[in-house]
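Novice: Based on what follows, work out the 3D shape:
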Amino acid sequence: MRRMVVEFPDYIEVDYQDGRGHSAKEYHSLEEKLEKAIEVVNEGLEQYKSPAIMWTGGKDSTLLLYVIREVAQERGEEIPPAIFLDHFAHFPEVTEFVDRWADKWELNLIKARNEDIGNLIERSGQSIEVKYLNESNKKELQKLDYKEERIVIDPDSFVGNHLLKTAVLNDTIITRGFDGIFSGVRWDEQEARSNETFFSPRHDHKKYPPHDRIHPILQFDERSLWDAMWKFVIPDSVEGYPIGHVPSDYDDLPKGILSEDIPVGPKYFEGFRSLGTKKGSMKSENKPAWLQNLEETSERQGRAQDKEGIMERLRDLGYM
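Specialist: Have a look, this model is predicted:
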């Protein structure tokens, strides 16, 4: 039985208003955006005794992980553990990417999943009678005032997302004793995240285990994120990769370098701009994400989760 921690640690002193009312436009250059990210990560590593990193294998959390790795190395510290939420509906390319780079970067990777539901899905499919859920999952449904006798486990739905992601993250925070979670959310990515601050409290023990969310890359927009990937992340991660080279497709990589050699998931080469579940994500165009019209089109237009308009409710329960 998991035990909820009801008091937030008294040793943490951060400015919860930092970033309030700001937008990506106020950080004018790529260098300014990176400097702020480094500043936030430094403070996060100083303030929190047991932080962790949310890593989905996507572009945002990979940039986040890069900054944290660089800062931790500069400080002579170990990289915090990385949490990958396994909701049983990933593109296989995503899980392969995560496993490969976790090994290359020697990460302490925590694959967190709802084992009870995973076992039930394996036995009887996605449609499950509520009576067969364990007590922990039944309690999570009670939080949502769910009254049906049967549930379809869809990670893109409100209930499914809560059981497979939010509840799993909260449980991981409890069992591992994490006091801060580094997350790669951005102001411009989704309306529900536009008012976030660099240090964001999650202290209401009735909703989630008291902890803070740390958001070092809020100030990046989609374009600057890809600029940082090709100018910093990839050249620093791949020996011999020319700084600033932006490939037009798989065949445009530097000689001797394959797509699996660079920390960019293959679905981005295929035209996906935002990755969620296999069923709930669609590519925007046939050309790579970074070559698309990022300024005038929606980044998450293919995400089923956003179409349902459930993000605000999910975040109130502890989602990213």
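Novice: Tell me where this protein is predicted with low confidence.
Specialist: For the chain, applying pLDDT under 70 flags the ranges 1-6, 301-320.
Novice: Going along the chain, name the strands of it.
Specialist: 51-54, 82-85, 109-112, 127-129, 150-152, 180-182, 199-202, 211-214 (DSSP state E).
Novice: Could you measure from Arg223 over to Asn42?
Specialist: 25 Å (CB to CB, to the nearest Å). For every residue, glycine as well, the C-beta is placed using N, CA and C.
Novice: and if you look at Asp145?
Specialist: 42 Å.
Novice: Kindly report the same for Trp187.
Specialist: 21 Å.
Novice: Comparing these two, which residue is more hemmed in?
Specialist: Per other CB atoms under 10 Å, whichever of Trp187 and Asn42 has more neighbours is Trp187, with 22 against 16.
Novice: was I right about the more buried one contacting Phe198?
Specialist: No - Trp187 is beyond contact range of Phe198, at 10.6 Å (criterion: CB atoms under 8 Å).
Novice: shared neighbours of those two, which are they?
Specialist: Common neighbours of Trp187 and Phe198 (criterion: CB atoms under 8 Å, 6 or more residues apart in numbering): Leu218.
Novice: what sits against Arg213?
Specialist: Arg213 touches Gly180, Ile181, Ser183, Glu196, Phe199, Ser200, Pro201, Arg202, Met320, counting by CB under 8 Å, 6+ apart.
Novice: if we go to 7 Å?
Specialist: By CB atoms under 7 Å, 6 or more residues apart in numbering, the contact list for Arg213 reads Ile181, Ser183, Ser200, Arg202.
Novice: Now it. Nearest residue, chain neighbours left out?
Specialist: Distance criterion CB to CB, 6 or more residues apart in numbering; nearest residue to Arg213, sequence neighbours excluded, is Ser200 at 4.3 Å.
Novice: Give me the distance between the one you found and Pro210.
Specialist: 13 Å.
Novice: repeat for Gly180
Specialist: 11 Å.
Novice: of the two, who's got more company?
Specialist: Using other CB under 10 Å, the more surrounded residue of Gly180 and Pro210 is Gly180, with 25 against 18.
Novice: ok, the spatially closest residue to Asp15 that is not a sequence neighbour - contacts?
Specialist: The shortest distance from Asp15 to any non-neighbouring residue, by CB to CB, 6+ apart, is to Phe199 (6.5 Å). Phe199 makes contacts with Val14, Asp15, Tyr16, Asp18, Asp212, Ile214, as judged by CB under 7 Å, 6+ apart.
Novice: Look at Ser259 and say how many residues are nearby.
Specialist: 14.
Novice: my guess is it contacts Tyr268, does it?
Specialist: No - in this structure Ser259 lies outside contact range of Tyr268 using CB atoms under 7 Å: 10.0 Å.
Novice: Glu96 - how many residues pack around it?
Specialist: Every residue meeting other CB under 10 Å relative to Glu96 is counted, giving 15.
Novice: dump the residue contacts of it.
Specialist: Counting by CB under 7 Å, 6+ apart, Glu96 has no contacts.
Novice: Pretty sure Gly244 sits against Trp230.
Specialist: Yes - counting by CB under 7 Å, Trp230 is a contact partner of Gly244 at 6.0 Å.
Novice: Please say which of the two ends up with more neighbours.
Specialist: Shown here are Gly244 and Trp230; by other CB under 10 Å, Trp230 has more neighbours (19 against 11).
Novice: and the residue nearest to the more buried one when sequence neighbours are not counted, how many neighbours?
Specialist: In this structure, Trp230 finds its nearest non-sequential neighbour in Val246, 5.0 Å apart by CB to CB, 6+ apart. Val246 is flanked by 14 other residues according to other CB under 10 Å.
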